[in-house]
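Asker: With the sequence up front, the predicted model follows.
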Amino acid sequence: MSRNLRSHRQQTDRRLLFGFVLLLLIVGDGLIYLLYGREAALSGLLCLSFVLVPVGLIWAALAIMSLIVARARSAEDSEPK
């Protein structure tokens with residue numbers, strides 16, 4: 001068994017984020033639906049999507065930057081000295 005702590009942290013972060021979004025959608029929007037009805041729940045989903053789209057774009061930009069840095073580091077390590 002390998003002890004790659006960075007990989008473990010990334011996997012845990014992904015799971016926590018997925019759980020948070022799922023909890024927000026099910027519990028949060030579910031309560032809106034139960035208390036205020038279908039139209040309010042649809043408005044809640046619309047608002048959540050407006051929030052999650054910029055967050056997703058920021059995450060994608062950071063992931064792309066991370067890939068670029070990783071490739072640059074691997075190319076730097078492979079150069080003969």
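Answerer: The structure has been received and is ready for your questions.
Asker: pLDDT at the residue nearest the centre of the chain, what is it?
Answerer: Taking Cα atoms, centre = their mean as the criterion, L17 is the residue nearest the geometric centre of the chain, at 5.6 Å. pLDDT recorded at L17 is 89.
Asker: Longest helix in this protein, please.
Answerer: Counting by DSSP state H, the longest helix found in the chain is helix 38-78.
Asker: Please state the offset of that helix from the chain centre?
Answerer: 6 Å (Cα atoms, centre = their mean, to the nearest Å).
Asker: And for stretch 25-34?
Answerer: 20 Å.
Asker: and if you look at stretch 33-46?
Answerer: 24 Å.
Asker: got the CA positions of it in PDB?
Answerer: Output in PDB follows, covering the C-alpha atoms of stretch 33-46 (Å, rounded to 0.1, in the frame of the first residue of the first chain):
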ATOM      1  CA  TYR A  33     -39.700  22.800  -1.900                       C
ATOM      2  CA  LEU A  34     -41.400  21.600   1.300                       C
ATOM      3  CA  LEU A  35     -41.900  25.000   2.800                       C
ATOM      4  CA  TYR A  36     -42.600  27.200  -0.300                       C
ATOM      5  CA  GLY A  37     -43.500  24.900  -3.200                       C
ATOM      6  CA  ARG A  38     -42.200  23.900  -6.600                       C
ATOM      7  CA  GLU A  39     -41.700  27.300  -8.100                       C
ATOM      8  CA  ALA A  40     -39.500  28.500  -5.200                       C
ATOM      9  CA  ALA A  41     -37.500  25.300  -5.400                       C
ATOM     10  CA  LEU A  42     -36.900  25.900  -9.100                       C
ATOM     11  CA  SER A  43     -35.800  29.400  -8.300                       C
ATOM     12  CA  GLY A  44     -33.500  28.000  -5.700                       C
ATOM     13  CA  LEU A  45     -31.900  25.700  -8.200                       C
ATOM     14  CA  LEU A  46     -31.500  28.600 -10.600                       C
END
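Asker: for it, what is the average pLDDT?
Answerer: 95.
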